[in-house]
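Participant: here are the coordinates; sequence isn't available:
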């Protein structure tokens, strides 16, 4: 690796770029919509593949979360396959649900001649409805036959639930004359909260690295991306971010080396890009909102204020109406638990000051409304209490969110 | 007081029953709607009146909250007048806002020949818009002239913002041959959260008691009523509960005596009745929901689970759709922070089991839908982890909440 850390650049178009990965998706009849893709397989051809995962912190964790956590430990991060379904979360399904997840791993392992613990499973969809193992098991041979480097787009489709668009991101970088890729897909539209909520993301890369380092880098990247995302404050039973590194680019990431910072940057870029895509596609959302807090006493205070604002239903409904209701922003900061002097706070939207020293900045109402009535909004809050900063992504809260969620099961 | 503690019974009809209190309301032009009542005065004729208050925990507290807190301390709980306006919260209004609150207290005190610190002020409405002192001061002489025991209903109207109905409750009890009353009015529909949020409540009684005891009993009653209420998870800048005791019934409440438990029961009854009225009238709400948690390891765990469920947008939108989506209830319990075994949890609605031992109880979907499609719903969660219980009131989350809040300022 040269002294100047190589840059990462996004690739559009061809998604299946990391060497060694193939994927397939199929309509297995788990979703109610006929012929909707709802089951997918991602496989790494390289026996040297390392794997890492980050999961929901919800005490009520779905069967696939319980099994994948266990398999990462049992295989010592040597997982090579991911089986994911949408349309049914396989959560609150008891022993039967765990059996379905286990059978999925067992049959997949048999097909590829690997250990069952080398298979990771993930599910998303309705909670509390039994998931038939047969629906999945019958499709596994077919999925194996259909594996191809060109199927990442289909997999991105197959994991969607209330999302309106698939979310994919691929970046590449050059190192020592070799090209390295990091690719990610994600889903998630409601039940999105700091601790990842109903979101799934699968990341593949062709760098080579130890599973422990992959795990640490994944935790850091998730902390700076998916964990800074909130749609509705609900933390799901199924959140899963999995990363597989095939090593086939012949570039190895080594601790205490520039390569570490270099890969971390690429991984964080992919995760942040996907996180912003999720916020933009939040259930019923019409705007992507970045809440940026500066001048906080501590990073924790900055975080608390940013999250309180991003989670406030009153702020989010005002955003839906493009209403420059800065009082609600200040109010949310006030109950966040952070320490600051309300009479020193500044609030602005897209750099237009709304509130200065805790009172109305005398802004032009029509101009402010225009600034709020955008697809992307930057809300900035300066607490003037220190130098710490924090940032969270969210979306507005519209009637469509209610409509989507009032009858999700039916 | 006899050995059997006397009962409290609700009174309907005549609201102005506690002896010594008179009130008046007027349309002062603070609200945008022409001729809407928006300014009110409550006055206690008895110089022996004691007063207590409980206020928002929001760091961004409105000017009237700051002043009323201070006046209760300065007057040593000897306040006799309350001036309240709706249509403008006088929050985030800086020094000017504090000046308006102070002038209101000063002029009111002059009119009645009492100290400025004996006047309490409260405001509710839009945040961050200057509140003209003149609009209030000009009306004060007129309000004083209009004082009457028959005006409590008008005052209950004058404090409303997005509420659709006034909220009043009067109870009476007989003690030692005397009749004692506790009367309460309240407002609050959005920004309602455990720590009282945008709610105002004013309670009057004709018992006699020390201001410290009144304060302690008020804190306890609020803790068991308004603080168990959540509409949208937002904690407002203006929450205020004030209680005035005139003493004119000639019944004195004494510590370490049955009278203490007796009065506490009546006060809690009034507060709980008003709290339920607020939940039922939550912004856009179509149902009053009681979340009852039993079998928790500790009272704190019971509370956490009840609040997580009551605050979950996904639970609340499912409630709006009368969708028996018990998985979301279990999911919210899972991220509440409480300790329990998900495979032991039971969930029921109006005593119909939805989930048993963490999985589907095999309920009849149509019957469950009917149970959810009621004006009042009881959600019960048994954690089977101990014997502690907890209860929270909330409402469902409908499109109307979004509509009301997307354009509140305009």
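Facilitator: Everything's here; your move. What you see is a predicted model; the values in this text were computed from it and never measured.
Participant: can we go C-alpha only for contacts and neighbour counts from here?
Facilitator: Will do.
Participant: got the contact list for the nearest residue to residue A:68 once chain neighbours are set aside?
Facilitator: Setting aside the residues directly before and after it, residue A:68 is nearest to residue A:120 in space (CA to CA, 6 or more residues apart in numbering or on different chains), at 5.0 Å. Each residue near residue A:120 by CA atoms under 8 Å, 6 or more residues apart in numbering or on different chains is listed here: A:64, A:67, A:68, A:71, A:72, A:79, A:80, A:81, A:82, A:83, A:105.
Participant: so residue A:120 sits in a helix?
Facilitator: No. Assignment of residue A:120 by DSSP: H, G, I helix; E, B strand; the rest coil gives strand, placing it outside any helix.
Participant: and it, what are its bridge partners?
Facilitator: When bridges are called by DSSP bridges, residue A:120 pairs up with residue A:82.
Participant: got the contact list for residue A:393?
Facilitator: With contacts taken as CA under 8 Å, 6+ apart, residue A:393 has the following neighbours: A:228, A:229, A:230, A:275, A:276, A:279, A:288, A:289, A:290, A:291, A:310.
Participant: go with 7 Å
Facilitator: Remark: with contacts taken as CA atoms under 7 Å, 6 or more residues apart in numbering or on different chains, residue A:393 is in contact with A:228, A:229, A:230, A:276, A:279, A:289, A:290, A:291.
Participant: cool, and residue A:241?
Facilitator: Applying CA under 7 Å, 6+ apart, the residues near residue A:241 are A:53, A:54, A:55, A:200, A:201, A:202.
Participant: go through the contacts of residue A:393 and name the one nearest chain B.
Facilitator: Using CA to the nearest CA, the shortest approach to chain B within the contacts of residue A:393 belongs to residue A:230, at 12.3 Å.
Participant: right, and the closest one touches residue A:391 too?
Facilitator: No. With contact defined as CA atoms under 7 Å, residue A:230 does not count as touching residue A:391 (11.3 Å).
Participant: higher neighbour count, the two?
Facilitator: Taking residue A:230 and residue A:391 together and counting by other CA atoms under 10 Å in any protein chain shown, residue A:230 has the greater number of neighbours (29 against 22).
Participant: low pLDDT regions in the stretch 101-250 of chain A?
Facilitator: Counting by pLDDT under 70, the stretch 101-250 of chain A contains low-confidence ranges at A:189-198, A:231-235.
Participant: which parts of it are helices?
Facilitator: For the stretch 101-250 of chain A, applying DSSP state H, counting those that start in this stretch gives helices covering A:133-137, A:140-145, A:152-158, A:211-223.
Participant: please name every helix or strand in contact with the longest one.
Facilitator: Packing partners of helix A:211-223 (3 or more CA pairs under 7 Å, 6 or more residues apart in numbering or on different chains; DSSP states H and E): strand A:50-55, helix A:258-280.
Participant: closest one to chain B among those?
Facilitator: Of all the helices and strands packed on helix A:211-223, strand A:50-55 sits nearest to chain B, with 13.0 Å by CA to the nearest CA.
Participant: relative to helix A:211-223, how tilted is that closest one?
Facilitator: 40 degrees (axes from the mean of the first three to the mean of the last three CA atoms, to 10 degrees).
Participant: right, and the helix or strand after the helix or strand where residue A:348 lies?
Facilitator: Per DSSP states H and E, residue A:348 falls inside strand A:346-349. The helix or strand immediately downstream of strand A:346-349 is strand A:352-356, counting by DSSP H and E.
Participant: next, the angle from the helix or strand containing residue A:73 to helix A:211-223.
Facilitator: Per DSSP H and E, residue A:73 falls inside helix A:63-74. Helix A:63-74 and helix A:211-223 are oriented at 140 degrees to each other (the same axes, to 10 degrees).
Participant: contacts for helix A:63-74 next, please.
Facilitator: Under the criterion CA under 7 Å, 6+ apart, residues A:52, A:55, A:79, A:90-91, A:97-98, A:101, A:117-118, A:120-123, A:238 lie in contact with helix A:63-74.
Participant: let's go with 8 Å and repeat that
Facilitator: A:51-53, A:55-56, A:78-79, A:90-94, A:97-98, A:101-102, A:116-123, A:238-240.
Participant: neighbours of the nearest residue to residue A:207 once chain neighbours are set aside, how many?
Facilitator: With sequence-adjacent residues excluded and distances taken as CA to CA, 6+ apart, residue A:207 is closest to residue A:247, at 4.4 Å. The number of residues packed near residue A:247 is 24, by other CA under 10 Å.
Participant: kind regards, and thank you for your time.
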